[in-house]
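Chemist: One predicted model, sequence on top.
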Amino acid sequence: MKFGVLVSGAGTNLQALLDADLAPAAIAIVISNRPSVPALARAERAGVPAIVVDHKAFPTREAFEDAVHVELAARGVEAIVLAGFMRVLTASFVARYPLRIVNTHPSLLPAFPGVDAPAQAIAYGTKVAGVTVHFVDASLDGGPIIAQVAVPVLPADDTRALHARIQREEHRLLPDVVRRLAAGELSCEGRIVVGRAE
Ligand code: GAR
């Protein structure tokens, strides 16, 4: 199953995907909505086509997403990974890939959706944080949960230290979910994801 990976920044999750054996999944293209981000260089080093579709160049969210869809369709992409992609997708884009878009988010959802989740966890004073990989719907980080891993929040943690601990887990979890999705091991009953548990 051919995947497109959408990125916006550093691309450490993309790197984890590039380094993993994803079969029967394969990454056909990487698309960044921001120019010159490190994720693009990671894809190029791995020999994976990487392009920029700059959301600022489009008058509307829909026009941006149409351009992304054209690029994905041109490469026969059937499923999408959001790997640090910091844009909310519209319902009509999501409907083009039903249960075929996954996102990784650095919190135990439904706690702390949106930006800077590790900072939100520290500011709130939680003792446990973690990572969630979930199907994407039109809500902000609100789709059906596929897998979660918890990590402790330690007293000396700053945002960077906590995020690094979370990322060690998400770099392991995300490739595994992509493999399972491509293998047809994941399905949904309402918002309950059925499949082998992590
Ligand atoms: C990741 O930790 C990912 O979970 C988070 O952004 C980081 C991107 O890192 N995503 C979100 O917060 C989405 N709401 P990366 O570019 O190094 O993969």
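Modeler: Arrived safely. Quick caveat, the model's predicted, so the values are computed rather than measured.

Chemist: what about the chain, any weak spots by pLDDT?
Modeler: Flagging of the chain using pLDDT under 70 yields the residue ranges 196-198.

Chemist: Close to the ligand: what parts of it are there?
Modeler: By C-beta under 6 Å from any ligand atom, the part of the chain that sits against the ligand consists of 9-13, 39, 83-84, 104-106, 117, 141, 167, 170. C-beta: built from backbone N, CA, C; applies to glycine.

Chemist: Just these: which are in helices?
Modeler: 12-13, 39, 117, 167, 170 (DSSP state H).

Chemist: can these go into CSV with extra columns for neighbour count?
Modeler: Conversion of those to CSV gives the following (neighbours: other C-beta atoms under 10 Å):
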residue, neighbour count
Thr12, 16
Asn13, 27
Ala39, 26
Ala117, 25
Gln167, 20
Glu170, 26
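
Chemist: Out of these, which two sit at the greatest distance?
Modeler: Ala39 and Ala117 (18.9 Å; C-beta to C-beta).

Chemist: so which residue of this structure comes closest to the ligand?
Modeler: Relative to the ligand, the nearest point of the chain is Gly84 (2.7 Å; C-beta to the nearest ligand atom).

Chemist: Hmm, that residue is touching Ala16, no?
Modeler: No: Gly84 is beyond contact range of Ala16, at 10.9 Å (criterion: C-beta atoms under 8 Å).

Chemist: which of these two has more neighbours?
Modeler: Shown here are Gly84 and Ala16; by other C-beta atoms under 10 Å, Gly84 has more neighbours (24 against 21).

Chemist: quick one: the helices in the protein?
Modeler: Taking DSSP H as the criterion, the chain carries its helices at 12-19, 38-45, 61-74, 91-95, 117-124, 159-182.

Chemist: so of those helices, which one's packed in deepest?
Modeler: Most buried of those, by mean neighbour count (mean count of other C-beta atoms under 10 Å): helix 12-19, with a mean of 21.

Chemist: What is that one packed up against?
Modeler: strand 2-7, strand 26-32, helix 38-45, helix 159-182 (3 or more C-beta pairs under 8 Å, 6 or more residues apart in numbering; DSSP states H and E).

Chemist: give me that answer again for 10 Å
Modeler: strand 2-7, strand 26-32, helix 38-45, strand 79-82, helix 159-182 (3 or more C-beta pairs under 10 Å, 6 or more residues apart in numbering; DSSP states H and E).

Chemist: what's the offset of that helix from the middle of its chain?
Modeler: In terms of C-alpha atoms, centre = their mean, to the nearest Å, the centre of helix 12-19 is found 11 Å from the chain centre.

Chemist: now it and strand 2-7, what's the angle there?
Modeler: 150 degrees (axes from the mean of the first three to the mean of the last three C-alpha atoms, to 10 degrees).

Chemist: So what touches helix 12-19?
Modeler: Residues outside helix 12-19 that contact it (C-beta atoms under 10 Å, 6 or more residues apart in numbering) are 3, 5-7, 11, 25, 27, 30, 32, 38-40, 42-43, 45-48, 50, 81-85, 104, 106, 131, 133, 164, 167-168, 170-176, 178-179.

Chemist: swap the cut-off to 6 Å and go again
Modeler: Residues outside helix 12-19 that contact it (C-beta atoms under 6 Å, 6 or more residues apart in numbering) are 5, 7, 39, 42, 46, 83-84, 104, 171, 174-175.
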